[in-house]
Every structure is written in structure tokens, then in C-alpha cells.
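Visitor: this is a predicted model, with the sequence first.
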Amino acid sequence: WLRAWMLTAPVDVAALLAPLLLTHHYWRGTLVMAGLTVAIFAAGGLYRARRHVSILDELPSISGRLLAAGAVVAIIAALRHESAQYVGGFVRGMAVSAGLVVIGRMITRELATIARKRRWVEHNTIIIGSGPTAVELARLLRRYPRYGLRFTGCVDTTARRGPGSLPLIGTFDQLEQLVATVECDVLIIADPDCSEAFLTQVLRRPGTASCDLWAVPRLWGSRSQGDHIGAIPIVRVGGITLSGLRWGLKRASDIVFSALALLLLSPVLLLCAVAIFFEGGRGIFFYQERVGRDGKPFRIVKFRSMRPVDEHESQTNWSIAHDRRVGPIGRFMRRTSLDELPQLWNILRGDMSVVGPRPERPYFVEKFSAEYPHYAMRHRVPVGLTGLAQVSGLRGDTPISDRARFDNYYIENWSLWLDAKVLLRTVSEVFRGGGR
């Protein structure tokens with residue numbers, strides 16, 4: 001459970017706030033400097049674990065980001081205070097905190113190296129592949145514990161024969177089971193004997209998607225800007241699921257967004273409820289079972305636009321876009337997506353997210369999972385009120401394979417900015433009346 005940022009982030013924050021021990025005259029600027037620097041460090045990957053730990057490798061990146069954050073805060077301070085003495089004192093405090101950040105990084109890097117060498121911190125690792133590169137990686141991990149990785153075996157399609165070849169602990173079909181058995185934390189891809197499409201399909205499975213994923217570039221003799229183990233460059237493959245800090249950040253944004261939206265849109269929700277009551281009487285809300293994260297079912301809540309004949313029709317009727325039972329109010333709410341607003345409650349409860357793959361009914365999840373290999377992979381994250389597939393025109397009677405492809409792209413390239421882009425495009429779709 002131990003992660004690199006748990007050691008470096010608190011030390012960085014302490015170093016950035018250290019000037020407050022000397023004077024409280026610049027406390028606002030110091031706090032802004034600390035928050036901005038940590039955010040810039042996180043965006044630049046300075047809180048991610050590196051296999052080759054060296055302060056000299058990180059120094060240019062740290063210095064550049066400290067200068068950028070310091071310049072921004074210093075300019076703001078100069079605009080707010082005309083006194084050159086005030087600004088000069090503040091800049092001196094920033095210089096002290098920047099120096100302490102570098103010293104703190106030197107200390108934390110040395111502590112990390114010592115902890116790895118003494119095997120206090122060690123992550124079980126499976127190498128995917130059994131060729132020459134995999135053999136060399138296994139040798140390096142066995143000989144040098146400073147990389148923090150404990151080699152537990154190789155996985156490939158078939159064992160390769162030859163001098164120095166590695167025996168396999170299993171095949172790709174057994175990878176999920178092996179990850180659980182050896183409590184694997186890290187997977188390293190090195191010349192596997194399979195196609196990239198097949199390998200991607202294996203790594204997207206729930207049992208392997210939680211592991212940190214690294215890869216040796218195919219042209220690894222060329223210059224690499226990533227990390228390295230010995231003389232073998234490796235690059236970190238972006239997370240193919242949402243977990244850890246990324247999941248915490250997304251969940252926090254969901255809670256803030258849904259709470260504010262429920263508060264601000266409460267008059268709209270009330271008007272919608274009154275309109276539905278006048279059109280169809282009681283039963284304003286419509287509840288239906290949907291499949292959420294990790295395939296777990298939950299009850300979604302929406303404004304009712306029509307009454308199904310029975311539960312079987314509710315679960316198996318694919319679309320009611322042209323159903324004559326939908327009244328004018330219901331049709332308007334579906335076209336403007338106002339019927340989706342009660343799902344803000346599902347988001348606040350944790351059943352859903354603001355942005356993610358759209359939730360589907362169990363009947364269709366089972367059907368589509370059997371027909372499309374990548375469909376079930378979209379349940380690696382919580383389902384969403386809106387999604388990248390929906391704002392890209394994939395609503396209603398559109399190819400399921402295209403939807404699954406967009407959903408998996410969203411999961412594997414997630415960022416807060418991507419969520420913001422999807423939300424902005426969703427607002428555009430609502431005003432255009434681009435709903436069902």
C-alpha cells in the first residue's frame with residue numbers, strides 16, 4: 001500500500017510552509033505558493049515512483065517547476081503590493097522554501113534507496129515475456145534491490161528454449177490468477193510472444209488492471225526520456241483503471257459537483273416534477289436496475305417519461321424514442337436530457353460518477369458482453385451521468401462496439417480536464433436538444 005507520494009508530498013509541503021516559522025507577514029502568498037507548487041509537481045509526475053532513484057535526474061524538473069510557481073506568485077504579489085521591500089522579503093522567503101524542497105527531496109530519495117536496498121519496501125513483479133530483454137531484466141531485479149521490485153516470474157504464450165532462457169510460471173490465460181497468488185503489484189512488458197491487441201485485452205481484465213504497468217520500448221536502444229532499470233529504458237504505461245489518488249480526486253469532484261448541482265437546480269427539478277405530475281399523475285420518478293462499477297447492480301432514478309407495461313418490458317425494451325406512449329412533456333424532457341437530472345442523487349450516493357460510461361440494464365450488459373469482447377471492460381470505473389461516447393454522437397441506435405471503444409478510451413486517458421471537456425460538450429448537446 002505504500003506509495004512514493006506518501007513520503008515526498010508531506011516533506012514538500014513542510015518545506016514550502018517553512019517560511020511561516022520565521023514570519024507571518026506573507027502567509028497568504030506562502031500558502032498559495034505551496035498549493036500551486038504541489039499542483040505543478042503532481043501534474044509533472046514528480047510524485048510518481050521511479051525505478052531509478054536519483055535527485056540529479058529530478059533536479060532540472062524540480063527547479064523549473066519551482067521557478068514557474070514562484071514567478072506566478074511573485075507577479076501576483078507585486079501587483080497587490082507596491083512596496084519593493086514587501087515583495088523582496090516575500091521572494092527571499094520563496095527562495096528559502098525552494099532550497100528546502102531540494103534538500104527535502106535529497107533526504108527522501110536517500111531514505112527510499114535505503115528502504116529498497118534493505119528490502120523494507122518491495123513490490124512483487126511479473127515480467128510479461130521471456131525473450132532476451134526479459135532475461136536481462138530478471139537478472140537486474142534479482143541482483144539490484146534498489147529498484148524496489150522483487151522478481152516473481154515470467155509469463156508468456158509458450159516457454160522459449162535456448163541458453164539462459166527463463167522458465168515460465170504460467171501463460172497469459174493464468175495471469176489474473178498468478179497476480180492474485182503472488183500478490184503482484186507491478187507488471188513489466190518485455191518482448192512478449194503475442195500481438196499487441198491480444199496483450200491489451202489480457203491487461204484490461206479486472207484482475208490485472210489494478211497493477212502498475214511498465215513497458216520496455218520496442219526500439220529500446222534509442223534514447224528514452226522515461227525511467228530505466230540498469231541500461232534498459234522503461235516507460236510507465238498510463239493507468240488503465242481508476243484507483244488510488246486518481247480515483248480519490250475524481251470522487252471528490254463528483255461529490256462537489258453533484259451537491260452544488262442539486263442545490264442550484266432544485267427549482268428546475270421542482271418544475272419538472274410538477275409537469276410530470278400534471279401529464280401522468282403520480283409516480284414522478286422511475287427506478288430501474290442498472291449495472292455499475294465492477295458489474296455491481298444498483299437502482300438508477302430518473303424522471304418518468306412513460307409507464308412500461310411490466311418489469312420485463314422495462315428491462316428488455318432497447319429504446320422508447322419513437323414510442324407513442326411518451327407524452328409531450330416526457331418527449332421534451334428526453335430531448336433536453338432533463339429526465340436524467342435525478343441521477344445527481346445516484347452520483348452523491350456513490351453509485352455513479354458525473355462522467356463515465358453510460359449505465360446499462362443487466363439484460364443488455366450480458367448480451368453485449370457476449371457479442372463484443374471489450375464491452376465488459378467499460379465497467380472498470382463507475383458509470384456516468386454523461387460520457388465521451390454520448391457527446392461524440394453515440395446515443396440511441398448506434399453501434400455498441402463504437403460506444404465500448406470510446407468508453408475504454410476515456411478510462412485509459414482520464415483526467416479532470418477530459419471530464420471538463422465532456423461536461424462542456426454535454427451542455428452544448430442539451431441546449432441543442434440533442435437528446436433521445
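Guide: Arrived safely. Numbering: from 1, shown residues only.
Visitor: ok, now which ones touch Val182?
Guide: Under the criterion of Cβ atoms under 8 Å, 6 or more residues apart in numbering, the neighbours of Val182 are Asn124, Ile126, Thr152, Gly153, Ile169. For glycine as for every other residue, the C-beta is placed from the backbone atoms N, C-alpha and C.
Visitor: list the buried residues for the longest helix along the chain?
Guide: Determined from DSSP state H, the single longest helix within the chain is helix 84-117. Under the neighbour-count criterion of 16 or more other Cβ atoms under 10 Å, helix 84-117 has 86-87, 89-91, 93-94, 97-98, 100-101, 104-105, 108-109, 111-113, 115-116 buried.
Visitor: helices or strands up against that helix?
Guide: If you count contacts as 3 or more Cβ pairs under 8 Å, 6 or more residues apart in numbering; DSSP states H and E, helix 84-117 packs onto helix 5-17, helix 27-43, helix 55-80.
Visitor: thinking again about what came up before, so which of the contacts of Val182 sit within strands?
Guide: In strands, judged by DSSP state E, the following of these are found: Asn124, Ile126, Thr152, Gly153, Ile169.
Visitor: and those as CSV, adding pLDDT, distance to Arg395 and neighbour count?
Guide: Formatted as CSV, these follow (pLDDT from 0 to 100; distance: Cβ to Cβ, whole Å; neighbours: other Cβ atoms under 10 Å):
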residue, pLDDT, distance to Arg395, neighbour count
Asn124, 92, 43, 16
Ile126, 93, 40, 22
Thr152, 92, 45, 21
Gly153, 90, 46, 18
Ile169, 87, 45, 17
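Visitor: what's the helix or strand for Thr208?
Guide: For Thr208, the host element (DSSP states H and E) is helix 206-209.
Visitor: can you name the next helix or strand after that helix?
Guide: strand 212-215.
Visitor: figure out how far that next one is from the centre of its chain.
Guide: 15 Å (Cα atoms, centre = their mean, to the nearest Å).
Visitor: tell me the mean pLDDT over that strand?
Guide: The predicted model assigns strand 212-215 a mean pLDDT of 86.
Visitor: give me phi/psi at the residue nearest to Phe277 when sequence neighbours are not counted?
Guide: Closest residue to Phe277 apart from its sequence neighbours, by Cβ to Cβ, 6 or more residues apart in numbering: Ile284 at 5.9 Å. The phi/psi pair for Ile284 (degrees, to the nearest 10) reads phi -70, psi -40.
Visitor: doesn't Arg304 make contact with Ile284?
Guide: Yes. Counting by Cβ atoms under 8 Å, Arg304 is a contact partner of Ile284 at 6.2 Å.
Visitor: which of those two has more residues huddled nearby?
Guide: Arg304 (22 against 15; other Cβ atoms under 10 Å).
Visitor: where does the more buried one land on pLDDT?
Guide: Arg304 carries a pLDDT value of 78.
Visitor: give me the element the residue nearest to it when sequence neighbours are not counted is part of.
Guide: Once flanking residues are discounted, Arg304 sits nearest to Phe286: 4.1 Å by Cβ to Cβ, 6+ apart. Phe286 is part of strand 285-291, with elements assigned from DSSP H and E.
Visitor: how about Phe198: what's its closest non-neighbour residue?
Guide: Per Cβ to Cβ, 6+ apart, closest to Phe198 is Phe172, 7.5 Å.
Visitor: from the middle of its chain, how far away would stretch 196-209 be?
Guide: 17 Å.
Visitor: first to last residue in it, what's the distance?
Guide: Using Cα to Cα, to the nearest Å, one end of stretch 196-209 lies 16 Å from the other.
Visitor: hmm, who's touching it?
Guide: Taking Cβ under 8 Å, 6+ apart as the rule, stretch 196-209 contacts 128, 172, 175-177, 179-180, 187, 189, 192, 213, 240-241, 294, 373-374, 377, 380, 408.
Visitor: restricted to helices, list those.
Guide: Among the contacts of stretch 196-209, the ones falling in helices (DSSP H) are Leu175, Glu176, Gln177, Val179, Ala180, Asn408.
Visitor: closest to Leu424 out of these?
Guide: Taking Cβ to Cβ as the measure, Asn408 is the one of the ones in helices among the contacts of stretch 196-209 closest to Leu424, at 21.8 Å.
Visitor: need the residues touching each of Ile284 and Arg304.
Guide: Counting by Cβ under 8 Å, 6+ apart, the common neighbours of Ile284 and Arg304 are Ile276.
Visitor: where does the chain have low pLDDT?
Guide: Low-confidence segments of the chain, defined by pLDDT under 70: 1-2, 159-165, 219-226, 238-245, 281, 306-327, 396-397, 432-436.
Visitor: hmm, back to that, show me the contacts for the residue nearest to Phe198.
Guide: Val155, Asp156, Thr157, Cys194, Phe198, Leu199, Val202.
Visitor: check Pro297 too.
Guide: Glu289, Arg290, Val291, Pro362.
Visitor: from those residues, pick the one nearest Asp351.
Guide: Closest to Asp351, out of all of those and judged by Cβ to Cβ, is Arg290, at 8.5 Å.
Visitor: for the helices and strands packed on helix 84-117, give me TSV that also has mean neighbour count and distance to Ala49.
Guide: Listed next are the helices and strands packed on helix 84-117 as TSV, based on neighbours: other Cβ atoms under 10 Å; distance: least, Cβ to Cβ, whole Å:
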stretch	mean neighbour count	distance to Ala49
helix 5-17	18	8
helix 27-43	18	13
helix 55-80	15	12
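Visitor: thank you, goodbye.
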